[in-house]
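> Sequence and computational prediction follow.
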Amino acid sequence: MHELSLVASLCARAEAAARAEGAERVTGLSVQLGPLSHLSPDHLRDHLARASIGSILEGAEVMVTVGADPHAPNAQDIELLSVEVV
């Protein structure tokens with residue numbers, strides 16, 4: 001359940017950033033997984049593909065890095081680094 005809320009929050013943040021730019025579609029996302037987020041990059045991409053169906057995020061390429069510090073304040077989170085839009 002924690003994973004679903006992380007993905008839902010990521011989608012909401014990415015859509016808000018895209019809409020603030022007046023975008024019609026998101027073509028790419030760059031994110032950093034916290035080392036304690038309980039998600040692998042592939043697992044995150046799968047969740048995002050399902051969660052984004054019908055939204056401006058659908059079909060966006062997702063570039064994922066994984067943080068290394070389990071003591072970082074955001075070690076359980078997914079950080080949105082950038083959003084590429086059209």
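Here it is on my side, so go on.
> Could I get the buried residue list for the helix or strand bottoming out on mean pLDDT in the chain?
Ranked by mean pLDDT, DSSP states H and E, the weakest helix or strand in the chain is helix 2-20, scoring a mean of 92. For helix 2-20, the neighbour count (16 or more other Cβ atoms under 10 Å) marks 6-7, 10-11, 13-15, 17-18 as buried. Quick note: C-beta positions are derived from backbone N, CA and C, even for glycine.
> Distance to Asp46 added to the residues you listed, as a markdown table?
Listed next are those as a markdown table, based on distance: Cβ to Cβ, whole Å:
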| residue | distance to Asp46 |
| --- | --- |
| Leu6 | 13 |
| Val7 | 10 |
| Leu10 | 13 |
| Cys11 | 14 |
| Arg13 | 19 |
| Ala14 | 16 |
| Glu15 | 19 |
| Ala17 | 22 |
| Ala18 | 21 |
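> And these, which is closest to Ser52?
Cys11 (6.3 Å; Cβ to Cβ).
> was I right about the closest one contacting Arg50?
No. Counting by Cβ atoms under 8 Å, Cys11 sits too far from Arg50 to count as a contact (10.4 Å).
> What segments of the protein are helices?
When secondary structure is read from DSSP state H, the chain shows helices at 2-20, 41-51.
> May I see those arranged in a markdown table, with distance to Val85 as well?
Formatted as a markdown table, the helices of the chain follow (distance: least, Cβ to Cβ, whole Å):
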| stretch | distance to Val85 |
| --- | --- |
| helix 2-20 | 5 |
| helix 41-51 | 16 |
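> Many thanks, we can stop here.
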